[in-house]
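Participant: Sharing a model that was predicted from the sequence below.
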Amino acid sequence: MITELPLETYGKNKLLASLPQSSRERLAPHLQLRELPHKFVVHEPYAEVGEIYFPLSGVISWIVTMKDGNMAEAMTIGNEGVAGISVALGGQRGSTASIVQAPGLALTIPTAKFLQLLDEDRGLFRVMQHYANVLINVISQCAACNRLHEVTERCARWLLMMQDRAESDEFTLVQEFLADMLGVRRPSVSVCASILQRAGLISYRRGKVRVTDRAGLESAACECYAIIAAEYLEMIKELKKLQADAQ
């Protein structure tokens, strides 16, 4: 139970940390700590969402798979968010798969209990509502990015987002997986990785990526990284205001 965890563990998810104290106290007894192993399927496509996941560490991807087996990432979720937010908007099922791309930990709650608390607790509802709005903005930006920007720029953006959520300069990366996330073929990813590595922005070896020049990688990324990062930063500021008003 979350009540048995140190406060700093609870606060590692930015949404949970931004809740009013009364909302945290209502939510706490129903949250359980769970491991997120690599490639674990959090939610199946078109299946009922049985649990809500608040990542404390690690990264979860929303992945869209086409009839021919090709796939692409629609969204990346780390400790700034929650997996399963569609239920807060009235949906029982999502069209995407939610898969762990970087291992970590999450706090989970059964969907039925989450929805009950959402109805009863105005503070929780406002935080989830605000997050859902930001998520729509970010997904819209990613959709435009995938259509309009070059693969190397998108690759740099994705690596930066991954680094932010992994909270480490080094993380695991399989080229085939990155190709799926970007919706391109693996040779394209190899070319992108080589370009970024020759520029001294990253090092890549044996399935591990290390960001060696953060500022340079930001310069290599398209405008979308800065826009998305600003969206989340503004979200945290707004949620802190909501939290202060509720105290």
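Facilitator: That came in fine, so what should we check first? Numbers count the residues shown, from 1 in each chain.
Participant: same question for the longest helix anywhere in the chain, mean pLDDT?
Facilitator: Criterion DSSP state H: the longest helix present in the chain is helix 122-148. Across helix 122-148, pLDDT averages out at 92.
Participant: Give me the next element, helix or strand, following it.
Facilitator: helix 151-166 (DSSP states H and E).
Participant: Phi first, then psi, for His43.
Facilitator: phi -140, psi 130 (degrees, to the nearest 10).
Participant: now swap in the one 4 residues further on and tell me
Facilitator: Its backbone dihedrals place Ala47 at phi -100, psi 150, with angles given as degrees, to the nearest 10.
Participant: Same question for Gln21.
Facilitator: Per-residue torsions, Gln21: phi -60, psi -40 (degrees, to the nearest 10).
Participant: okay, now the domains of this protein?
Facilitator: The record's domain parsing of the chain by automatic domain parsing lists 2-113+120-146+226-242, 150-221.
Participant: Give the other helices and strands that the longest helix of the chain contacts.
Facilitator: helix 14-17, helix 21-27, strand 71-77, helix 111-120, helix 151-166, helix 224-246 (3 or more C-beta pairs under 8 Å, 6 or more residues apart in numbering; DSSP states H and E). All C-beta spots, glycine's among them, are computed from the backbone N, C-alpha and C.
Participant: Quickly run through the sheet partners of the helix or strand just after the second one, with directions.
Facilitator: Okay, so that is helix 21-27. Where DSSP H and E defines the elements, the next helix or strand beyond helix 21-27 is strand 32-36. Looking at strand 32-36 with DSSP bridges, its partner strands are strand 104-110 (antiparallel).
Participant: Columns mean neighbour count on top of the domains of the chain, output as JSON lines?
Facilitator: Shown next, in JSON lines, are those (neighbours: other C-beta atoms under 10 Å):
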{"stretch": "domain 2-113+120-146+226-242", "mean neighbour count": "17"}
{"stretch": "domain 150-221", "mean neighbour count": "18"}
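Participant: OK, contacts around the spatially most central residue of the chain?
Facilitator: With distances taken as C-alpha atoms, centre = their mean, the chain has Ile77 as the residue nearest its mean C-alpha position (0.7 Å). Ile77 is in contact with Pro55, Val59, Ile60, Ser61, Trp62, Ala83, Ser98, Arg165, counting by C-beta atoms under 8 Å, 6 or more residues apart in numbering.
Participant: any low-confidence regions in the chain?
Facilitator: 1-10, 247 (pLDDT under 70).
Participant: Next up, the contacts around the closest residue to Cys145 other than its chain neighbours.
Facilitator: Excluding its sequence neighbours, the residue lying closest to Cys145 (C-beta to C-beta, 6 or more residues apart in numbering) is Cys224, at 4.2 Å. Residues near Cys224 by C-beta under 8 Å, 6+ apart: Gln141, Cys142, Ala144, Cys145, His149, Arg154, Arg157.
Participant: mind running it again at 6 Å?
Facilitator: By C-beta atoms under 6 Å, 6 or more residues apart in numbering, the contact list for Cys224 reads Gln141, Cys145, Arg157.
Participant: As a markdown table, these with distance to Gly91 would be great.
Facilitator: Listed next are the contacts of Cys224 as a markdown table, based on distance: C-beta to C-beta, whole Å:
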| residue | distance to Gly91 |
| --- | --- |
| Gln141 | 21 |
| Cys145 | 24 |
| Arg157 | 28 |
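Participant: Can you tell me how far the closest residue to Met161 other than its chain neighbours is from Arg205?
Facilitator: Counting by C-beta to C-beta, 6+ apart, Thr76 is the residue found nearest to Met161 once chain neighbours are left out, at 5.3 Å. Note on Thr76: its distance to Arg205, by C-beta to C-beta, to the nearest Å, is 23 Å.
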